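>>> Sequence plus predicted model, see below.
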Amino acid sequence: MSKHRYAGNPHLVYAIVRRRAVFEGLSALTLPQARAHAERQQQRAGGDDDSSGGGGVAAAAEASQASPGASGASEAVPTGRFVPNAAWLAAVKGELPLATILRLLAAVVPQIDELVR
């Protein structure tokens, strides 16, 4: 079924296969992992200083770009930092057709591996 649905758009299939690890990671993403990642991003951006808030804004902007429309589901933190919450994670996972993408990967990747051998 996946083969027929995506047969008309090989560029999309190629992009999904190339980013397989990203989609698998998103599927397995948990709230603690999302919070830890947001904290690491804030520290890398210099946002570990509560008075600056710059890194938190950059991380929040990056997160909202990664998931358009889901930014309204995130909580605003007084320091301006982005802190993932359960509602945000549910909104992100709900907006992405992860089940469909993972089925496509399960069908296509073994075929590609067979062709490469």
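Nice, thanks for sending it over.
>>> buried stuff in the one helix or strand L105 maps to?
If you go by DSSP states H and E, L105 is part of helix 98-116. Within helix 98-116, the residues scored as buried using 16 or more other CB atoms under 10 Å are L98, I101, L102, L104, L105, V108. C-beta: built from backbone N, CA, C; applies to glycine.
>>> what does stretch 30-42 give?
Under the neighbour-count criterion of 16+ other CB under 10 Å, stretch 30-42 has A34, A38, E39, Q41, Q42 buried.
>>> for those, which one is nearest A91?
When these are ranked by distance to A91 (CB to CB), A34 comes first, at 11.9 Å.
>>> In terms of pLDDT, where does that closest one sit?
Note for A34: predicted pLDDT of 94.
>>> For L98, which non-adjacent residue is closest in space?
S27 (5.0 Å; CB to CB, 6 or more residues apart in numbering).
>>> what's the neighbour count on the one you found?
Counted with other CB atoms under 10 Å, the neighbours of S27 add up to 14.
>>> Regarding it, which helix or strand does it belong to?
helix 20-28.
>>> neighbouring contacts of that helix?
I16, V92, K93, L96, L98, I101, L102, L105, V109 (CB atoms under 8 Å, 6 or more residues apart in numbering).
>>> returning to that earlier point: quick check, nearest of the buried residues of stretch 30-42 to P84?
A34 (4.0 Å).
>>> Run through this protein and note the low-pLDDT ranges.
Scanning the chain for pLDDT under 70 picks out 1-5, 47-79.
>>> Which stretches in it count as helices?
Taking DSSP state H as the criterion, the chain carries its helices at 2-6, 10-18, 20-28, 31-44, 54-66, 86-95, 98-116.
>>> Can you lay out the ones you listed as TSV showing distance to G80?
Output for those, formatted as TSV (distance: least, CB to CB, whole Å):
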stretch	distance to G80
helix 2-6	40
helix 10-18	33
helix 20-28	25
helix 31-44	10
helix 54-66	5
helix 86-95	16
helix 98-116	30
